[in-house]
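> give the three-dimensional model of this entry:
(chains A and B)
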Number of protein chains: 2
Amino acid sequence: MDTALDLSNPEGALDLDNIRFQLIRLEDTITFHLIERVQFPLNAAIYDPDKLPIPSYNLALPPNLSLADYMLSETERLHSLVRRYDAPDEHPFFPQVLQRPIMQPIKYPTILHPNNVNVNSTIKDKYITEILPEACRDFGRTDRGETKENYGSAACCDIACLQALSRRIHFGKFVAESKFRKETERFVKLIKAVDRQGIDEAITNAAVEKKVLERLRLKAKTYGTDPSLSAAVNDRKEKINIEAVVKMYAQVVIPLTKVVEVEYLIQRLKGTEWE
Amino acid sequence: MDTALDLSNPEGALDLDNIRFQLIRLEDTITFHLIERVQFPLNAAIYDPDKLPIPSYNLALPPNLSLADYMLSETERLHSLVRRYDAPDEHPFFPQVLQRPIMQPIKYPTILHPNNVNVNSTIKDKYITEILPEACRDFGRTDRGETKENYGSAACCDIACLQALSRRIHFGKFVAESKFRKETERFVKLIKAVDRQGIDEAITNAAVEKKVLERLRLKAKTYGTDPSLSAAVNDRKEKINIEAVVKMYAQVVIPLTKVVEVEYLIQRLKGTEWE
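You can find the predicted model right below:
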């Protein structure tokens, strides 16, 4: 059951079968975490530093943060100490708060080309304005405010969701590198022409995308229902809005993964023989 | 889908149907988190401050901590700021590191009788020495050490598992309070006699326990397999050792929940008319 992708092995890490396995496995992680999150209502105030300002004592950050940003940045600060952001498949939302790890480094071989692609600010924005409102749509009551709602619990769940989404979407870099190595000539031409649309078309496989969405629907249904209850009870007791999970992939995860792939490839020739 | 138990409503919080719903829902949470954890091997070093000492700058803690304790205590410190440990269903593993919340308090009504029952040290011990070794049993390779293994990732998953287990097990207090209110006379007699065995017998329902274990097996199987794969593939690709999940409940969760119930009831008469 050694199912975490071994990034210390460059050939294994760029094998498309291994990448595919990891992407499919991350669907489970994302679905699990979103199911946990939607136990709580949207709680929009936790994303708004004007409604619920949390003073930040970190000079690298604005003086007032939203509760969600406060918790996410503090968690990233802590996780950086145990090397989270040394890993090539991890990208911080708050690079300015990272600290030097307190453990010996893992020596990752060079797998990806040097690049600065990080779409986390878009991921966070879409998570707050698109994914969550849809997933929490059926909640059926309004926010009762700071002294009544489990704002902290919701913010903790958000961290897990955002970290999993970020990992999934930035895995596009491994996909792109793998595709670049397979069809180098074709991509060099497109990259030299800065033909983003051409690259996007070259990396898109509509049939695979359709299959991903079908699988997501099945997973949201399966993981979102208690298997010990009858189907009739489960229809009333689904833990998550299944269409919201599918939409999350269709409108956020898949398109942003392609943005990551395209932007990674745009930087792929820098410092190489093809530049 | 407002599925988090509303602890601001004492009658709802002590309704056995509501408690039962919450306990069943927490089975999903625990199973989800353990499935995430077993992507990584046991990594025994992260529980051993002699093998991998992490210097603690918190004077309330020993000078060297295990990596798991370091991450758990730092996470609890952070979560205490957003009121986690104000909630009557949350119990810290490191009460000595908690800080004053940075948010307005939630005014919880008095639901439970004042008590100091906290079995977290036993939960952590059994998690490390019984649950994890069983769940990671099939991993099939040995620990490659600090510079190779994803120790930090495993420790982060441990936090989620331990927090969910602690919440589930300490929910026994609500179960016990509810039972005490239903059969006050019977329990007062047993408590006055400090008859722990008698209390244990009074709160035990072997038929319900058997049903819980059956449900856990079904959940571990359902959540631990990819529903888009065929049964034959899934038998080889189960994400988690199903029997380990069942054992976790049979040997740790159910017995410790009963310990919580019994010890809570032992303290239940203090300062009351029955003392």
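> what segments of the stretch 101-250 of chain A are helices?
Listed in chain order, the helices found in the stretch 101-250 of chain A under DSSP state H, counting those that start in this stretch are A:120-126, A:132-135, A:151-170, A:172-182, A:184-192, A:196-203, A:206-223, A:231-237, A:242-247.
> list the helices and strands the shortest one packs on?
The helices and strands touching helix A:132-135, judged by 3 or more C-beta pairs under 8 Å, 6 or more residues apart in numbering or on different chains; DSSP states H and E, are helix A:16-37, helix A:242-247. For glycine as for every other residue, the C-beta is placed from the backbone atoms N, C-alpha and C.
> does the last one reach chain B?
No. When contact is scored as C-beta under 8 Å from any C-beta of the partner chain, no part of helix A:242-247 falls within range of chain B; the minimum is 10.8 Å.
> contacts for that helix, please.
A:31, A:34, A:130-131, A:134-135, A:137, A:213, A:216-217, A:219-221, A:224 (C-beta atoms under 8 Å, 6 or more residues apart in numbering or on different chains).
> format the residues you listed as a markdown table; extra columns: distance to B:H79, pLDDT and neighbour count.
Supplementary listing: the contacts of helix A:242-247 in a markdown table, determined by distance: C-beta to C-beta, whole Å; pLDDT from 0 to 100; neighbours: other C-beta atoms under 10 Å in any protein chain shown:
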| residue | distance to B:H79 | pLDDT | neighbour count |
| --- | --- | --- | --- |
| A:T31 | 24 | 97 | 24 |
| A:L34 | 20 | 97 | 28 |
| A:E130 | 27 | 98 | 15 |
| A:I131 | 23 | 98 | 25 |
| A:E134 | 27 | 96 | 17 |
| A:A135 | 23 | 95 | 24 |
| A:R137 | 28 | 86 | 14 |
| A:L213 | 35 | 97 | 17 |
| A:L216 | 30 | 97 | 23 |
| A:R217 | 34 | 97 | 17 |
| A:K219 | 29 | 96 | 23 |
| A:A220 | 28 | 96 | 26 |
| A:K221 | 32 | 94 | 15 |
| A:G224 | 26 | 92 | 21 |
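> now compare those and name the two farthest from each other.
For the contacts of helix A:242-247, the maximum inter-member distance is 21.1 Å, found between A:E130 and A:K221 (C-beta to C-beta).
> the nearest residue to A:P53 once chain neighbours are set aside - how many residues pack around it?
Counting by C-beta to C-beta, 6 or more residues apart in numbering or on different chains, the nearest residue to A:P53 once its immediate chain neighbours are dropped is A:N64, at 4.0 Å. Applying other C-beta atoms under 10 Å in any protein chain shown, we find 14 other residues in the vicinity of A:N64.
> correct me, but A:N64 touches A:K51?
No. Using C-beta atoms under 8 Å, A:N64 is not in contact with A:K51, being 10.8 Å away.
> returning to that earlier point: would you mind measuring from the residue nearest to A:P53 to A:D50?
In this structure, A:N64 and A:D50 are 8 Å apart, going by C-beta to C-beta, to the nearest Å.
> my read is that A:F180 contacts A:R186, right?
No. If you go by C-beta under 8 Å, A:F180 and A:R186 don't touch, sitting 9.2 Å apart.
> the two: which has the busier surroundings?
A:F180 (22 against 14).
> ok, so of the contacts of helix A:242-247, who is nearest chain B?
The shortest separation between chain B and any of the contacts of helix A:242-247 is 6.1 Å, and it belongs to A:K219 (by C-beta to the nearest C-beta).
> if I read this right, that closest one contacts B:S228, doesn't it?
Yes. Here A:K219 lies in contact with B:S228, judged by C-beta under 8 Å, at a distance of 7.2 Å.
> tally up the residues packed near A:P109, please.
Counted with other C-beta under 10 Å, the neighbours of A:P109 add up to 11.
> for A:A244, see how far away the nearest residue to A:M248 once chain neighbours are set aside is.
Beyond its immediate neighbours in the sequence, the residue positioned closest to A:M248 (C-beta to C-beta, 6+ apart) is A:I131, lying 4.8 Å away. Distance from A:I131 to A:A244, counting by C-beta to C-beta: 7 Å.
> could you check how far the residue lying closest to A:E134 once chain neighbours are set aside is from A:L132?
In space, and not counting its chain neighbours, A:E134 is closest to A:A244: 4.2 Å by C-beta to C-beta, 6+ apart. Computed with C-beta to C-beta, the distance linking A:A244 and A:L132 is 9 Å.
> which of these two has more neighbours?
Between A:A244 and A:L132, counting by other C-beta under 10 Å, A:L132 is the more crowded of the two (24 against 20).
> can you list the residues of the stretch 51-200 of chain A near chain B?
For the stretch 51-200 of chain A, the residues found near chain B under the criterion C-beta under 8 Å from any C-beta are A:52, A:54-55, A:67, A:71, A:74-75, A:78-79, A:82-84, A:87, A:102-107, A:136, A:138-141, A:146-148, A:150-153, A:155-156, A:160.
> what residues are up against A:Y127?
Going by C-beta under 8 Å, 6+ apart, A:Y127 touches A:D158, A:C161, A:L162, A:L165, A:V252.
> what of A:P95?
Each residue near A:P95 by C-beta under 8 Å, 6+ apart is listed here: A:Y85, A:N118.
> quick check, pLDDT for it.
A:P95 carries a pLDDT value of 97.
> quick revisit: reformat the contacts of A:Y127 as a markdown table; add neighbour count, pLDDT and distance to B:I266.
Listed next are the contacts of A:Y127 as a markdown table, based on neighbours: other C-beta atoms under 10 Å in any protein chain shown; pLDDT from 0 to 100; distance: C-beta to C-beta, whole Å:
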| residue | neighbour count | pLDDT | distance to B:I266 |
| --- | --- | --- | --- |
| A:D158 | 26 | 98 | 39 |
| A:C161 | 24 | 98 | 41 |
| A:L162 | 21 | 98 | 43 |
| A:L165 | 25 | 98 | 46 |
| A:V252 | 19 | 98 | 52 |
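> in chain A, where is pLDDT below threshold?
Screening chain A residue by residue with the criterion pLDDT under 70, one finds the ranges A:1-3, A:232-236.
> just give the closest residue to the residue most central in space within it, not the sequence neighbours.
Relative to the mean C-alpha position of chain A, the nearest C-alpha, by C-alpha atoms, centre = their mean, is the one of A:L165, at 1.6 Å. Taking C-beta to C-beta, 6+ apart, and ignoring the residues beside it in sequence, A:L165 has A:I123 as its nearest neighbour in space, at 5.5 Å.
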